[in-house]
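Chemist: Okay, here's the prediction I keep looking at, along with the sequence it came from:
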Amino acid sequence: MFKKEIVVKTEKQFISLKNEISDLIRDQRGAGIVNVFVAHTTCAIKVMEGEILLLSDVEEYLEKTWPQNGNYRHDMIGIRDVPITERINGYSHMRQLFFSCEANIPCQDGKMQLGQWQDVFLVEFDPMRERKVIITYISVM
Amino acid sequence: MFKKEIVVKTEKQFISLKNEISDLIRDQRGAGIVNVFVAHTTCAIKVMEGEILLLSDVEEYLEKTWPQNGNYRHDMIGIRDVPITERINGYSHMRQLFFSCEANIPCQDGKMQLGQWQDVFLVEFDPMRERKVIITYISVM
Amino acid sequence: MFKKEIVVKTEKQFISLKNEISDLIRDQRGAGIVNVFVAHTTCAIKVMEGEILLLSDVEEYLEKTWPQNGNYRHDMIGIRDVPITERINGYSHMRQLFFSCEANIPCQDGKMQLGQWQDVFLVEFDPMRERKVIITYISVM
């Protein structure tokens, strides 16, 4: 059992964490669950396929549903108790709601039991950040 | 390790559980995961920011997408095997689908490792209820 | 504590796993969490009510939002590095995004602590498959 924190620089929207998690759990034996949690409100953890045309479908859906230049009351910085330089990221928060900040994946003998097409992504809705991801391994037997 | 049940009276739509969970896990040492699970089908658990203008954006999106006075076959009470006084809450069920009934949050030395803007909400889609929330702490090391 | 894999043949869209999970965890004592994980990218695990008219509301929403005969770049098989016989399932992937591939449910003395209306479904977006579901039980005390 262990817990580790990693920092991910988000220069892209979809960043696979599969290799990094795989390295961290490599020495575990038996069965377990790995919890992957991102400690931020405008990005997500999602188990999905990383095929690039599919990622473009996802981006198109997000932009259509919560456009970056849409009107969000969260962006009325002037009436909020925050610096006037606060990020305009209402769309990022709304997109996050569609996802989750965590995933819980079964493991066996040091490997995540992902399906053939499953990958674990950090999905960034408010790019160019340093994101803290907490990875906790629970040994089950 | 422990499990506790709490009852939450839902007079508002977004009810922070952060203080109540924090109190329950305060005495734990080392690393762990806390599972927060609501045992109902028309409310949700969501890790998100509680800024009030953002909550109004969320409510607007939910009302636009699944309006309270929309047409849902689930509300055809007359053809279902339920009392005629059954709640009209098709919109509540649909909104729940957008969310989840649980969250799993890493902890360290008696504190959830939430990010600066993360809060843990019970989100109510079918208000004025008593909701059972089950809080389970898994010690990891 | 244990982990089991089951194979589910998906001839329907909503397949309750409640009985099968209940059978697997029956002999556990004390408190625990059961993690239910499906190792595929075009189906989901969802805790929800199984009332049939509600399921028709869900299907209508999914078909309206991500129609089966919509245009998805993921379906441009000709430009992808896959056999020309690859399934046309962009809509299935998009629908999966709305859900999750896992659920984590508290248990007590060999029973899931689901609410009165909660059921655990495998939701299939790309039907007529054999799906691998991994069920892991974590003992908490």
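Modeler: Now that the structure is in, tell me what you want to look at. Predicted, not measured: the structure shown is a model, and the values here were computed from it. Residues are numbered from 1 along each chain as shown, chains lettered A, B, ... in the order given.

Chemist: The lengthiest helix in chain A - contacts with which helices or strands?
Modeler: Identified as the longest helix of chain A according to DSSP state H is helix A:52-65. With contacts defined as 3 or more C-beta pairs under 8 Å, 6 or more residues apart in numbering or on different chains; DSSP states H and E, the packing partners of helix A:52-65 are helix C:90-97. Yep, even glycine has a C-beta here, placed from its N, CA and C like the rest.

Chemist: Would you tell me whether the helix it packs on gets close to chain B?
Modeler: No - counting by C-beta under 8 Å from any C-beta of the partner chain, chain B is not contacted by helix C:90-97; separation bottoms out at 11.1 Å.

Chemist: helices and strands around that helix, which ones?
Modeler: strand A:43-48, helix A:52-65, strand C:43-48.

Chemist: Measure how the second one sits relative to helix B:52-65, angle-wise.
Modeler: Regarding helix A:52-65 and helix B:52-65, their directions subtend 100 degrees when assessed with axes from the mean of the first three to the mean of the last three C-alpha atoms, to 10 degrees.

Chemist: If we go by neighbour counts, what in helix A:52-65 is buried?
Modeler: Residues of helix A:52-65 classed as buried: A:Leu53, A:Leu54, A:Leu55, A:Asp57, A:Val58, A:Tyr61, A:Leu62 (neighbour count, 16 or more other C-beta atoms under 10 Å in any protein chain shown).

Chemist: for it, what is the average pLDDT?
Modeler: Across helix A:52-65, pLDDT averages out at 98.

Chemist: what do you get for the first one?
Modeler: If you average the pLDDT over strand A:43-48, you get 98.

Chemist: rewinding a little: just give me how far the longest helix of chain A sits from the chain centre.
Modeler: Its chain's C-alpha centre and that of helix A:52-65 lie 16 Å apart, by C-alpha atoms, centre = their mean, to the nearest Å.

Chemist: for the helices and strands packed on helix C:90-97, which one sits closest to B:Cys107?
Modeler: Among the helices and strands packed on helix C:90-97, strand A:43-48 comes nearest to B:Cys107, with 17.3 Å by C-beta to C-beta.

Chemist: wait, does the closest one make contact with chain B?
Modeler: No - Strand A:43-48 stays clear of chain B (C-beta under 8 Å from any C-beta), getting no nearer than 9.9 Å.

Chemist: Check which helices and strands that strand sits against.
Modeler: Against strand A:43-48 (3+ C-beta pairs under 8 Å, 6+ apart) you get strand A:31-38, helix A:90-97, strand A:102-108, strand A:119-124, helix C:90-97.

Chemist: Can you add mean pLDDT and give the ones you listed back as JSON lines?
Modeler: What follows is these, written out as JSON lines (pLDDT from 0 to 100):
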{"stretch": "strand A:31-38", "mean pLDDT": "98"}
{"stretch": "helix A:90-97", "mean pLDDT": "98"}
{"stretch": "strand A:102-108", "mean pLDDT": "98"}
{"stretch": "strand A:119-124", "mean pLDDT": "98"}
{"stretch": "helix C:90-97", "mean pLDDT": "98"}
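
Chemist: now those in JSON lines, with distance to C:Leu17?
Modeler: Listed next are these as JSON lines, based on distance: least, C-beta to C-beta, whole Å:
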{"stretch": "strand A:31-38", "distance to C:Leu17": "18"}
{"stretch": "helix A:90-97", "distance to C:Leu17": "26"}
{"stretch": "strand A:102-108", "distance to C:Leu17": "15"}
{"stretch": "strand A:119-124", "distance to C:Leu17": "23"}
{"stretch": "helix C:90-97", "distance to C:Leu17": "17"}
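
Chemist: Which of the ones you listed sits closest to B:Asp23?
Modeler: Here strand A:31-38 is closest among the helices and strands packed on strand A:43-48 (C-beta to C-beta), at 21.0 Å.

Chemist: Can you lay out the helices and strands packed on strand A:43-48 as CSV showing mean neighbour count and distance to C:Arg131?
Modeler: As requested, the helices and strands packed on strand A:43-48 are exported to CSV (neighbours: other C-beta atoms under 10 Å in any protein chain shown; distance: least, C-beta to C-beta, whole Å):
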stretch, mean neighbour count, distance to C:Arg131
strand A:31-38, 25, 19
helix A:90-97, 23, 27
strand A:102-108, 24, 15
strand A:119-124, 23, 18
helix C:90-97, 23, 12
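
Chemist: Mind listing what's buried along the longest strand along chain A?
Modeler: Using DSSP state E, we find that the single longest strand of chain A is strand A:130-139. Using 16+ other C-beta under 10 Å as the test for burial, strand A:130-139 gives A:Arg131, A:Val133, A:Ile134, A:Ile135, A:Thr136, A:Tyr137, A:Ile138, A:Ser139.

Chemist: could you redo these as TSV and give each row distance to chain B and pLDDT?
Modeler: Formatted as TSV, the buried residues of strand A:130-139 follow (distance: C-beta to the nearest C-beta, whole Å; pLDDT from 0 to 100):
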residue	distance to chain B	pLDDT
A:Arg131	9	98
A:Val133	10	98
A:Ile134	5	98
A:Ile135	9	98
A:Thr136	5	98
A:Tyr137	7	97
A:Ile138	6	96
A:Ser139	8	95
